[in-house]
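Q: Mind folding the following:
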Amino acid sequence: MISMSPILIDGKTFLAITVELPKTTLLAVTAEKGYIMCGALDVELLNRKLKGRGIIAARAVGVKTIDELLSAPLESVTEEAGKIGVTAGMSGRSALLKMFDI
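A: Numbering: from 1, shown residues only. Just a heads-up that it's a prediction; the model follows:
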């Protein structure tokens, strides 16, 4: 099953996406210019093979819900995300706000 729902963070609207697959669930929250995702996101692939696309994204591992994704410290971020101040260790919520305002 796939579910999508708007979520508000500091008065700004983001889109939360949950994809339930056999034995795993994919979680993502999109901002205006980037997104955060669960551990399924391959940050190295985005940094190396897709570098020319300038993808702003970050990943948190060990999360099972959208709320956990928003609260968890980010494990890794793309180089483009780093350019706007998104860093490993910050919460998903803080990263999304940076991705919205650029």
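
Q: who's in contact with the helix or strand bottoming out on mean pLDDT in the chain?
A: Sorted by mean pLDDT, DSSP states H and E, the helices and strands of the chain end with helix 43-48, the least confident at a mean of 92. Here helix 43-48 makes contact (C-beta atoms under 8 Å, 6 or more residues apart in numbering) with 53, 55, 57, 58, 59, 76, 77, 78, 79. Every residue, glycine included, has its C-beta placed from N, CA and C.

Q: Export those residues as a markdown table, with columns for distance to residue 36, secondary structure and pLDDT.
A: Putting the contacts of helix 43-48 into a markdown table (distance: C-beta to C-beta, whole Å; DSSP: H, G, I helix; E, B strand; the rest coil; pLDDT from 0 to 100) gives the following:
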| residue | distance to residue 36 | secondary structure | pLDDT |
| --- | --- | --- | --- |
| 53 | 17 | helix | 94 |
| 55 | 12 | coil | 94 |
| 57 | 7 | strand | 96 |
| 58 | 5 | strand | 97 |
| 59 | 7 | strand | 97 |
| 76 | 11 | strand | 97 |
| 77 | 9 | strand | 97 |
| 78 | 11 | coil | 97 |
| 79 | 16 | helix | 97 |
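
Q: Looking at those residues, which is nearest residue 4?
A: Nearest to residue 4 among these: residue 57, at 17.8 Å, using C-beta to C-beta.

Q: thinking again about what came up before, buried ones in the least confident helix or strand of the chain?
A: For helix 43-48, a neighbour-count test (16 or more other C-beta atoms under 10 Å) marks 43, 46, 47 as buried.
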